[in-house]
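Participant: got a structure for you, letters missing:
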């Protein structure tokens, strides 16, 4: 079968490398180019063979039917425009075009399980952040069924592996600083993912406040979000709500047991459970949602969206 | 100077070994015996020399002026009684005599910064659990100043290193299962520390619900508690409240920066900061409190209490 | 296509679980049964669905065309006999039938790249240990070309992740004991893998001594063997020797760069490089060989052998 | 008692920070200044209070009786000269003045247990590297008793935690790259510590080749050197040789058991055992030597040397 050429801009980071590896194993796609300015001329070794990085300026944008942009936040939007001008569809993994980030043009928000139909016909999709993916997939059934207590504060206490910060030479990300350590960071409205989650909340018309507390784990990959939600009514069988919502979703695993990072690493899934909170006065629920930040939280979901945009099987080439 | 003989029951676990090491370096104490039934006859190597474990039955209880019990929950209370009958003071590190655990006799609760005067004159002290230590030290100023919104839910999202589960041969604590992993556990009123925290809350007469969500970290030592508290009023300078409360406390570090596990490991301190939560409708505060679960959360605080009970300098022999 | 039924005895350990997962994703195989005495009735969750463990006694051995035995050393041989009596081919992952372990019957030794033809026609194959796999694949070209200095000592300094010790509840394998630690173990002829390596050496007729020093890594998976070999002659282009020997091998990667554990984890490959040692008086070579102890060092190689025994494509179902 | 003022040049790295922490707890020393060009004006928080970094140019060199230089290799020698001109004694932790590095002036090599008397009277001491410290302390009894087979190759296979590479923002030292990984590096005469070990070997007049293979551990601290030595005679009781040599040494622990990193972390000790190698044709010994690369391998040994140079108790202020 003829394979569809796709390109990756910004392919030397964690998400970009993951994208190249996924494309290399995809039954219907082939990698037309992978760009990395600082590493141009170097090779990325994949099981299927080596990929040679070119400078982004030198990429033959027009040779790709779809382009993934893993360029840095701020630098990506301009290249999305150039890729479109060259005739390619685009999945943008940066924040530039995402909800809540002030983009001039509104493009579909690629939380696939929520926006599948908008993604299917899109020329450009803004791929969600890793924390918003874990959080919003956990909250989706409550938003859709309008079950959150009005005026309530939804608390998202989340922890992420260090690859969430990208492949950047920062002292605070050295093994010697992260091993045997744990800390909160980006508290108090400072994390850019909070804007994205708030904007999604507004799209649902939910009258809630969000309190987001990210933590840095001594682990390479994975996010666990522990979300506490005051409800407007007690639910007799809360788990059933998630089971029903996601029963046909190939990449959402709803289970009675509490999810663990190990269960989702290297897989394009979100694993979710819920628990009614006892011994508090107002009906309250805890949602536990785990993803691999580089797969369902980045490259995997980007490929899931690309599959839809290109008319392929949504699950093609994705590690379940 | 003549050194005071002390004994350690249940010395082969993590807290017991830490106690032996602390006693060995203490300027005023000497180790009279260390018991460990399964390991009797074996030696614990310390920088100061080897300590030989004896069976608990064979310990000469009467030779110690003070005895630490690190025996398992359920087995400890009976030995506390025998130690007292032999004339020794006791610091019990098990849950047996703690608040909220249904003990017949009420003994002082050794959260030193709260109950110092009761500890000073006590024959027996119940040493707090590790999670309650981190949590209650974080909440103390709010309880004492009656600042928590009545009827509110105080959320404690905490993460602990695996030594918090003790030196027990459980498959789920193997390196191969914990490394690169993260998960919640003991949710929904099942963790024994929740009872202890609730009982402390009741002692303050606070009308609040507690929601406690512990997580297991891929780290050996340390607890970080991220605590969210709805207030009955906004605070102009929240950090000042903690700074004033703890200004004379040698083992409490109040800092503007978010605490990290690395800053407290191997030290008998709690490191605390607070942040007002913006963009939520009700005045809300987040308290971040970090301790070493084996030191301030167990052996260190036990020694701090023992120092008081024996009329020694409270800080003697404690790693600051 | 009709799938071939295979069974796994002792499926609850690390290698057994890995085997079940590999079989579940194999295009030509289906899992007839998976046994685990202590966990019988429990389920192993796989992406493809749950597998229910049965007691080994209750396994319908006759329903499988091939049976993998991951039963404990000592217990496996008897079940291999029963499996054969039931008409199944067998890949035995225990030491029971391996070289150097005193087995009554000699069965092919499943180091596939060395013994491929013997494996192809075999009813029973003894799957190699993880350390011997890494070591012998590194040494094979030297043995075959008779390049090792007679009477020399070949030094194998190797380090393994903790899953190499199996899923057993040992205190010394707890996260709290292994994290931030490193130690040698099993030195001095005590490691059972040394007998296996010696026996292989004898099969080549090589007149060498083996010095094997294993170490325990603070990592879950992977073995790196650093092997030092005195040669009977200097080699002009040592890497070429490995490249030529393995050029047609789908699971051996010979590279100029030093191999890392990350490059081989979750893959059925050995990654090897060699370096001439300068500034020593006798021609000496260092071979660096890395594998995933649970894949190429256990379950993956077992499946590679099973593919051959069943007349399937050798690479079917194996993560490259 | 009046405390002796000392200074630290290059105090922001791992060794420099460790030095500041040790000095802060030293009974006889006080920190006159700590320099760090990039971090000047910032503070290093220590249990005893904060230390403010000044630029190296701004340090009042003359106010210190002894200066530790943790400046980068190449940059240190000039500052050692300036410190001496200002009247201070100097312990240089860089390679600049060490054996085998081509320094114009020969200063005592501060492997204390070997060169104690030379250190005692020295104005300047070159503090050994971390790998040479672990290795040479392991080999010292063999060198001194002339027991190594002439012409033999002594193999040093060693593994170090990542702090050995310093506090430098390198991508290959990120947690995401090091966790669950293991690799050799610096093989083939490229590691600068090899020159230092060779020069020490020459000082003993030993006719041996050295083969040094360092590896990078997924751990923050600690070095384990596994050293294999062909002997010129078999030893009846090899351990006794080390026990006798080090019986009066406060910082050398000779034990029958194999040493582990955990036993030496945060302590100024080397922990050593030896094992005769059986089943090889020539008398051969393995020496296992473990240190904390930042303490006995850097700051701790530097302080041990400083104590001697200043006429203090050699063990003062050192964590045993």
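Facilitator: Right, received. Where do you want to start? Bear in mind that the values here come from a model prediction, so they are computed numbers and not experimental data.
Participant: Tell me which stretches of chain A form strands.
Facilitator: Counting by DSSP state E, residue ranges of the strands within chain A are A:4-9, A:29-34, A:43-46, A:49-52, A:66-69, A:89-92, A:124-126, A:153-160, A:183-184, A:209-216, A:223-230, A:252-254, A:270-276, A:284-291.
Participant: Would you tell me which of the ones you listed gets closest to chain D?
Facilitator: When those are compared by C-beta to the nearest C-beta, strand A:209-216 sits nearest chain D, at 9.3 Å. Where you see a C-beta, it was placed from the backbone N, CA and C, and this is true even at glycine.
Participant: What score does residue A:192 have for pLDDT?
Facilitator: Taken from the predicted model, the pLDDT recorded for residue A:192 is 81.
Participant: just checking, it touches residue A:96?
Facilitator: No: with contact taken as C-beta atoms under 8 Å, residue A:192 and residue A:96 are classed as non-touching, separated by 10.9 Å.
Participant: domain parsing for chain A?
Facilitator: Structural domains of chain A, as assigned by automatic domain parsing, span the residue ranges A:4-127+A:297-309, A:130-293.
Participant: one step back: would you turn the strands of chain A into JSON lines with mean neighbour count and mean pLDDT?
Facilitator: Supplementary listing: these in JSON lines, determined by neighbours: other C-beta atoms under 10 Å in any protein chain shown; pLDDT from 0 to 100:
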{"stretch": "strand A:4-9", "mean neighbour count": "26", "mean pLDDT": "98"}
{"stretch": "strand A:29-34", "mean neighbour count": "22", "mean pLDDT": "97"}
{"stretch": "strand A:43-46", "mean neighbour count": "16", "mean pLDDT": "90"}
{"stretch": "strand A:49-52", "mean neighbour count": "14", "mean pLDDT": "90"}
{"stretch": "strand A:66-69", "mean neighbour count": "29", "mean pLDDT": "98"}
{"stretch": "strand A:89-92", "mean neighbour count": "26", "mean pLDDT": "98"}
{"stretch": "strand A:124-126", "mean neighbour count": "27", "mean pLDDT": "98"}
{"stretch": "strand A:153-160", "mean neighbour count": "25", "mean pLDDT": "97"}
{"stretch": "strand A:183-184", "mean neighbour count": "22", "mean pLDDT": "98"}
{"stretch": "strand A:209-216", "mean neighbour count": "22", "mean pLDDT": "96"}
{"stretch": "strand A:223-230", "mean neighbour count": "25", "mean pLDDT": "98"}
{"stretch": "strand A:252-254", "mean neighbour count": "21", "mean pLDDT": "97"}
{"stretch": "strand A:270-276", "mean neighbour count": "23", "mean pLDDT": "98"}
{"stretch": "strand A:284-291", "mean neighbour count": "26", "mean pLDDT": "98"}
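Participant: Switch those strands over to TSV; also include distance to residue D:47.
Facilitator: Formatted as TSV, the entries for these read as follows, by distance: least, C-beta to C-beta, whole Å:
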stretch	distance to residue D:47
strand A:4-9	48
strand A:29-34	49
strand A:43-46	45
strand A:49-52	50
strand A:66-69	48
strand A:89-92	48
strand A:124-126	48
strand A:153-160	28
strand A:183-184	19
strand A:209-216	24
strand A:223-230	33
strand A:252-254	46
strand A:270-276	41
strand A:284-291	37
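Participant: Quick one: the ones you listed as JSON lines, columns for distance to chain C too.
Facilitator: Rendered in JSON lines, the data for the strands of chain A read as follows (distance: least, C-beta to the nearest C-beta, whole Å):
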{"stretch": "strand A:4-9", "distance to chain C": "21"}
{"stretch": "strand A:29-34", "distance to chain C": "17"}
{"stretch": "strand A:43-46", "distance to chain C": "8"}
{"stretch": "strand A:49-52", "distance to chain C": "11"}
{"stretch": "strand A:66-69", "distance to chain C": "23"}
{"stretch": "strand A:89-92", "distance to chain C": "24"}
{"stretch": "strand A:124-126", "distance to chain C": "26"}
{"stretch": "strand A:153-160", "distance to chain C": "17"}
{"stretch": "strand A:183-184", "distance to chain C": "18"}
{"stretch": "strand A:209-216", "distance to chain C": "17"}
{"stretch": "strand A:223-230", "distance to chain C": "17"}
{"stretch": "strand A:252-254", "distance to chain C": "9"}
{"stretch": "strand A:270-276", "distance to chain C": "10"}
{"stretch": "strand A:284-291", "distance to chain C": "14"}
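Participant: how about the ones you listed, which one is nearest residue C:79?
Facilitator: Taking C-beta to C-beta, strand A:252-254 is the member of these nearest to residue C:79, at 34.2 Å.
Participant: ok, and does the closest one reach over to chain B?
Facilitator: No: applying C-beta under 8 Å from any C-beta of the partner chain, one finds strand A:252-254 separated from chain B by no less than 14.6 Å.
Participant: and stretch A:197-215, does that touch chain D?
Facilitator: No: for stretch A:197-215, no contact with chain D is found by C-beta under 8 Å from any C-beta; the gap never falls below 14.2 Å.
Participant: can you tell me if that stretch touches chain B.
Facilitator: Yes: contact of stretch A:197-215 with chain B is found when judged by C-beta under 8 Å from any C-beta, involving A:209-211, A:213, A:215.
Participant: Out of these, the closest to chain B would be?
Facilitator: Using C-beta to the nearest C-beta, residue A:209 comes nearest to chain B of these, at 4.1 Å.
Participant: separation between the residue of the stretch 101-250 of chain A found nearest chain C and residue C:175?
Facilitator: Closest contact between the stretch 101-250 of chain A and chain C, by C-beta to the nearest C-beta, is at residue A:180 (6.3 Å). When distance is defined by C-beta to C-beta, to the nearest Å, residue A:180 is 11 Å away from residue C:175.
Participant: The two - which one has more neighbours?
Facilitator: Taking residue A:180 and residue C:175 together and counting by other C-beta atoms under 10 Å in any protein chain shown, residue C:175 has the greater number of neighbours (26 against 22).
Participant: Name the residues contacting each of residue A:180 and residue C:175.
Facilitator: residue B:220 (C-beta atoms under 8 Å, 6 or more residues apart in numbering or on different chains).
Participant: Nearest to residue B:290, out of the strands of chain A?
Facilitator: For the strands of chain A, the distance to residue B:290 is smallest for strand A:183-184, at 8.1 Å, taking C-beta to C-beta.
Participant: Do that closest one and chain B come into contact?
Facilitator: Yes: using C-beta under 8 Å from any C-beta, strand A:183-184 comes into contact with chain B via A:183-184.
Participant: Show me what that strand is packed up against.
Facilitator: For strand A:183-184, the helices and strands in contact under the criterion 3 or more C-beta pairs under 8 Å, 6 or more residues apart in numbering or on different chains; DSSP states H and E are strand A:209-216, strand B:223-230.
Participant: now for those, which one comes closest to residue B:16?
Facilitator: Closest to residue B:16 of those is strand B:223-230 (C-beta to C-beta; 18.8 Å).
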